[in-house]
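Visitor: build me a model from this:
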Amino acid sequence: MSTRRTLAITRRLLQGFRRDPRTLGLLFGVPIVLLALLGYILRSGNSGPPTGVVNQDCGPLGGQVAAVLLRSTLIDARDMSRADADAGVDDGSLAGYVRLPCDFTAQAQVGRIQPVVRLEGSLPSSSAAVLQATQQGLAAVFAPRNIVLAPQVSYAHGGPQYDQLDYFGPAFVGLIVFFLVFVVTSVSFLRERAQGTLERLMATPVRRGEIVLGYMLGFSIVALAQSALVLLFSLYTLRVHSQGNVALVFLVEGLLAIAAVNLGIFLSMFARTEFQAVQFIPLVIVPQFLLSGIVFPVNTEPRVLHDISNLLPLTYAVYGLRDVMIRGDGLGAGGLGLDLAVVAVFAATMVLAASLTLRRRVA
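Guide: Here you go, the predicted model:
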């Protein structure tokens, strides 16, 4: 074995990296950016999920518990009426509320404490934070009195019968479809360009608009078939709970798949090799995974990231899938209508962007 030849190969490889700033950025820049984003989410988030505190107690103990809850760092507690709290849980703007009934002090004095905790229930991490804050608030006031704490907990959606897969299934259904469709489309379309197929089509009487539409329809049909497979496997093999209409779930999935197809076509026009196309994954997929509410609730993110999350299509797809599968919402629900509209607008925008980019690049 020749050391000189081995080092020559090593040197050639390193020189190739030096001449490819995009790869260097992927290796050394992107990890720093993603870790910084993750650290900012974990350490600079809001005080917790928004939670209502409804103090109906005429005695002093309810006020003491309410004061502890309002100071809690686990939740973003707000003093409100029961009507406002019920409305907040119904529309999803609150993770839940704690109600201290009018006879709370009287019950406490005879050892029966029953504050009512009402949870929205679609996000287990938010529900857990509300319950933990409630337990801490009760303990702070009643532990010195050696009184047993027994809050009454109810769920607007979900509940103890749901496991982790039921809660995270809707989000991961959307993520898997978005991720795989984007990767397959971007790599496959780039291969069509690299093999000269697009240039040969341009030399035929086929119009450019027809070429663009044909590719989009072909990739979209495959993406919709994949979406159907993912959904059927999730519902009937994994037994993920779905409270809503399956057709609505597929509608959200389908719009997201079409958006991913055209996003893949659009970004593939800025890559020369398949490796460069794959480099878009940490730039496009990973930030959306972190910011779209799949792992961390959007309402607990720092304000700047919260605003960015509200611009991402995957955020609205995750909202829509959870609205249908966990909350059981239909088309009449305002939140689901907004989610569908945003994903549809993004898909249409990506169709236009992909068409215009293809016309410029393959001319």
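
Visitor: for this structure, what's the longest helix?
Guide: helix 164-194 (DSSP state H).

Visitor: and that one, what does it pack against?
Guide: Under the contact definition 3 or more CB pairs under 8 Å, 6 or more residues apart in numbering; DSSP states H and E, helix 164-194 sits against helix 208-236, helix 246-268, helix 274-278, helix 281-291, helix 313-325. C-betas here are computed from N, CA, C, even on glycine.

Visitor: 6 Å instead?
Guide: helix 208-236, helix 246-268, helix 274-278, helix 313-325 (3 or more CB pairs under 6 Å, 6 or more residues apart in numbering; DSSP states H and E).

Visitor: run the chain-centre distance for the last one.
Guide: Centre-to-centre, helix 313-325 and its host chain are 7 Å apart (CA atoms, centre = their mean, to the nearest Å).

Visitor: show the subsequent helix or strand relative to it.
Guide: helix 334-361 (DSSP states H and E).

Visitor: now do the SS call for residue 102.
Guide: At residue 102 the chain is in coil, as set by DSSP: H, G, I helix; E, B strand; the rest coil.

Visitor: what about it? Give its phi and psi, please.
Guide: phi -60, psi -30 (degrees, to the nearest 10).

Visitor: report how many residues lie close to it.
Guide: Residues lying near residue 102 (other CB atoms under 10 Å) number 12.

Visitor: so how far is residue 139 from the residue nearest to residue 51 when sequence neighbours are not counted?
Guide: Spatial nearest neighbour of residue 51, excluding adjacent residues (CB to CB, 6 or more residues apart in numbering): residue 75 at 4.2 Å. In this view, residue 75 and residue 139 are 15 Å apart by CB to CB, to the nearest Å.

Visitor: of the two, who's got more company?
Guide: residue 75 (28 against 14).

Visitor: the more buried one: what's it in contact with?
Guide: If a contact means CB atoms under 6 Å, 6 or more residues apart in numbering, then residue 75 has 48, 49, 51, 129, 130, 133 as its contacts.

Visitor: hang on, the earlier thing: please identify the deepest-packed of the helices and strands packed on helix 164-194.
Guide: The highest average neighbour count among the helices and strands packed on helix 164-194, using mean count of other CB atoms under 10 Å, belongs to helix 313-325 at a mean of 28.
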